[in-house]
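[1] quick one, structure for this:
(3 chains)
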Amino acid sequence: MLRYILKRLLIMVITLWIIVTLTFVLMVTIPGSPFNSEQSSNETVQANLERHYNLDKPYHIQYLLYIKSILTFDFGPSISQPNQGVNDLLGRGFPISFELGIVTIIVAVISGIILGILAALRHNRIMDYLAMGVAVLGISIPNFILATLLIQKLAVDREWFPVATWQGPEYMVLPIIALATGPMAIIARLTRSTMLDVLTQDYIKMARAKGLSPWKIIFKHALRNALMPVITIMGTLLAGILTGTFVIEKIFAIPGMGKYFVESINHRDYPVIMGTTVFYSAFLIIMLFLVDIAYGILDPRIKLHGKDGD
Amino acid sequence: MGKDNILQVKDLHVTFSTYGGTVKAVRGVHLHLKKRETLAIVGESGCGKSVTSNAIMRLIPNPPGKITKGQILFKGTDLTKVSEKKMRSIRGVDISMIFQDPMTALNPTLTIGTQLTEGLRQHHKNISRQNAKEKALEMMEIVEIPNAMERFKQYPHQFSGGMRQRIVIAMALICEPELLIADEPTTALDVTIQAQILELFERIQEKTGISIILITHDLGVVAKIADRIAVMYAGKIVETGTKRDIFYHPQHPYTKGLLHSVPRLDLEGETLEPIEGTPPDLFSPPKGCPFTARCPYAMEVCNKVFPVHTKLTKSHEVNCWLQDERAKQTLAEVAK
Amino acid sequence: MKELKNTETIIPSNIPDEWFTKKRQDKTESEIVQRPSLSYWQDAWRRLLKNKLAMLGLVFLMLLGVMAILGPVFSPYEVNQADLPNQYQPPSKEHWFGTDSLGRDVFTRTWFGARISLFVGLMAALIDVVIGIVYGGISGFKGGKTDSVMMRIIEILYGLPYLLVVILLLVVLGPSLTTIIVALTVTGWVGMARIVRGQVLQIKNFEFVLASESYGTKASRIIRKHLLPNTMGPIIVQMTLTVPSAIFAEAFLSFLGLGIQAPYASWGVMANDSLGAILSGHWWTLFFPAFFISFTMFAFNVLGDGLQDALDPKLRK
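    The predicted model follows:
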């Protein structure tokens, strides 16, 4: 297990390093330097930028200092908001985005698994077709379209939910539905197909031959094995939800990090784009690492031997 | 129809509905089994022997499978009629089953101990964890697994194939059932391990008096431990008899064919003859004897009418038209 | 077919004696194959035809392809032909899908959007396949050290957050049709390479391949008869599923303001432009691009599912 963790840790560090280096390379290759364009006409901003990015120094020193600043969680100043640093924006926006993301993933996982199990247990019956119908629609309708649809139907036409901003639970319902439907659909489909596969395994037949109750067979024998593949895609799903928050926050005017990020793209506010990318990448890569560890704990072959099944 | 029969299967029919049509997998099987007896059901793959054993356990997936006709009397109770809940209390407790591949019969994510004791804990609700463990360790002794204490906490992937099959056997026997159905229990194992497992079966039967149904296509296995043999072909039993009857006086051409296709050390110089052709399509099984198309003795009648049941001795029964008086000429003709 | 009567009810003496003569053995009779044997692809195609949902997807995509090519040709309007007095016209005889905020014809723009979306989706899938097959193929066939190094690289790339990298690249390179496709494929091929490698590894060790090799079968035959049917399935399925994710990514990027720029009109751009319009009741400006994005993704997804079921050799009956 230790070997496995160390290996994952190494991969995590390399991936992080690639992201940091990539942002640096892109930053210095942007034609005409990103920091002296007309957007940063403000003198203090210009001074801040030069100080933070050490633009007067040679590239390799810039690179090392850039890495140092990132290791100390200092993402530098913002161009479009002269008195704020990227850290301030993150500090304000990220907790809201995090809240949105966490609730979404919980909703998606629970509903997706339930839907997948129901479909598998009622294979080729109405419940199966119904669940898979919902799932295929879920993966087909992009979250930003679902979001506008929900606003139109449930907030404008019916006024059941508030349209925008972030002031309490009722404000969360629509954005979370819009954001969770896609991942839920993916989880449901995966759970169903692995569950169907697991249910034909000999050890399930054996469990039935032992006279175990269907309840025990499903939860003790089948589900645990069926959920292993779901864990492996959690990283991808998290990344999808995280990038999904960009558009959802834009549509619902939620003052999260995603909204700042989209604004920074529109204003070509490079430090914010870079900082957010690095921060979010790091967040995701760490999440991916934790998912891998969780997988290792659940799979006895990895837990005991550190074997990494290919 | 003696009262000492622990199991009696009467005219069992099982069908599967598939895209291509209805497969008549089992078409009127009659079987009986006494206490302490080992019955082997022998036949090529796809002849319905596994379906028959799954039907006894009521483990036929429905849909697509269905028991359409017949009775399965276990100690007088018709298993085709009992509720699923009642059936669950029979599985593992009265009748147990083990499967072909010990590599896949154990859940990779649970410890051996958990899998051994869960049947016990299901059927004896108030057994303590400690007692269940003791019982499991005792079973592990019986199936001859060394270091039981340590092995109890391990996972399936830490066991070899033969050891896994021993665990599976221990799992099946832990609630002390009266009938064990073993579906190709040695097929997936090395030859030396096969012999060990078969000896284990014999010792367990001696100790516990359990009745065994052994499903196999391997006549070598049969020769070793079976008391009686039922030869199955295309969903029907074509010949039954004691081990002696079948090995020394086979009557049905299919039984003979099977015996000729097995290498035998005791008959030197004999050539191996595979049975030509393939079994019939069970989507639309032939009206007459299903073996007709491959049978060297085939007569007009075989194609048209399924052979009548002939009782040769108290133990030996066969379904073949060659038993009819009028077939003598054909027999003589082919013998030349 | 009539069920057999119970054996007990047959009275042997009722059977005519002449039936007990030896039947002339028809050599072929025991060899008759009951059902016609179909080649792998015929069989897969037959099963795909039976899948109604997949066929619906296929027909929709074919119609969409035709309309993407011919739709703008037959329309009397140009894609970017603004007609401010006629802004926000609801669907009518003149403008079947209505007009948008600048009075542009939504019908014409929708088919133009189809061109962009399908082009982006198909190109991305195609490039993914080429890189994926080369990379995964080398990795799988070479094995050993090469394989483990190549796999570590993939593992690391796999950890990169895909859309964030794409966004970053587009911010720097500037959005255009080419840069979007490049950005989408820079990390997109990884999944394909993994699948190809997995397939190659699995099949390399399959007993039937070893068996054919030991019979002295020619390599070309092994590839054609064994490797292709067994590897192509998952690759085709993955391709079918890459297209909708690329279409989604393009629309998503347009929505962030990083999409295809004028004079092109993609569905994502159209949807982004009409966000405000739905609140004022001009639903058609959003409905048509949204409908076509969703339905195209739906069609590719169900077609991919259908292909997966149809091409899986293990499911052959």
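
[2] please list the residues of chain B that sit near chain A.
    Proximity of chain B to chain A, by CB under 8 Å from any CB of the partner chain, involves residues B:57, B:59, B:63, B:88-93, B:96-101, B:104-111, B:118-119, B:122-123, B:155, B:157-158, B:168, B:171-172. Quick note: C-beta positions are derived from backbone N, CA and C, even for glycine.

[3] ok, of those residues, which come out buried?
    B:57, B:59, B:88, B:90-93, B:96-101, B:104-111, B:118-119, B:122-123, B:155, B:158, B:168, B:171-172 (16 or more other CB atoms under 10 Å in any protein chain shown).

[4] so which of those belong to helices?
    B:88, B:90, B:118-119, B:122-123, B:168, B:171-172 (DSSP state H).

[5] same question for the helix or strand residue A:182 falls within: list its buried residues.
    For residue A:182, the host element (DSSP states H and E) is helix A:169-199. Under the neighbour-count criterion of 16+ other CB under 10 Å, helix A:169-199 has A:171-172, A:174-196, A:198-199 buried.

[6] closest point of chain C to chain A, which residue?
    Nearest residue of chain C to chain A: residue C:298, at 3.7 Å (CB to the nearest CB).

[7] so that residue makes contact with residue A:137?
    Yes: using CB atoms under 8 Å, residue C:298 is in contact with residue A:137, at 7.0 Å.

[8] higher neighbour count, the two?
    residue C:298 (20 against 16; other CB atoms under 10 Å in any protein chain shown).

[9] returning to what we had before: and the helix holding residue A:182, average pLDDT?
    Taken as a whole, helix A:169-199 has an average pLDDT of 89.

[10] quick one: it near chain C?
    No: if you take CB under 8 Å from any CB as the test, helix A:169-199 misses chain C, and the best it gets is 8.6 Å.

[11] what packs against that helix?
    Using 3 or more CB pairs under 8 Å, 6 or more residues apart in numbering or on different chains; DSSP states H and E, the elements in contact with helix A:169-199 are helix A:86-121, helix A:126-140, helix A:143-150, helix A:223-232, helix A:234-252.

[12] touching chain B at all, the second one?
    Translated: helix A:126-140. No: Helix A:126-140 is not in contact with chain B by CB under 8 Å from any CB; minimum separation 12.4 Å.

[13] contacts for that helix?
    A:115-116, A:118-122, A:181-182, A:184-186, A:188-189, A:192, C:244, C:294-295, C:297-298, C:301-302, C:305 (CB atoms under 8 Å, 6 or more residues apart in numbering or on different chains).

[14] so which bits of that helix are buried?
    Quick answer for helix A:126-140 (16+ other CB under 10 Å): A:128, A:131-132, A:134-140.

[15] ok, residue A:74 - how many residues close by?
    So residue A:74, with other CB under 10 Å, has 14 neighbours.

[16] give me the secondary structure label for it.
    Secondary structure for residue A:74, judged by DSSP: H, G, I helix; E, B strand; the rest coil, is coil.

[17] report pLDDT for the residue nearest to it when sequence neighbours are not counted.
    Take residue A:74 and drop its neighbours on the chain: the residue closest to it by CB to CB, 6 or more residues apart in numbering or on different chains is residue A:87, 6.7 Å away. pLDDT, residue A:87: 85.

[18] kindly report the same for the one 5 residues further on.
    The confidence metric pLDDT takes the value 87 at residue A:92.
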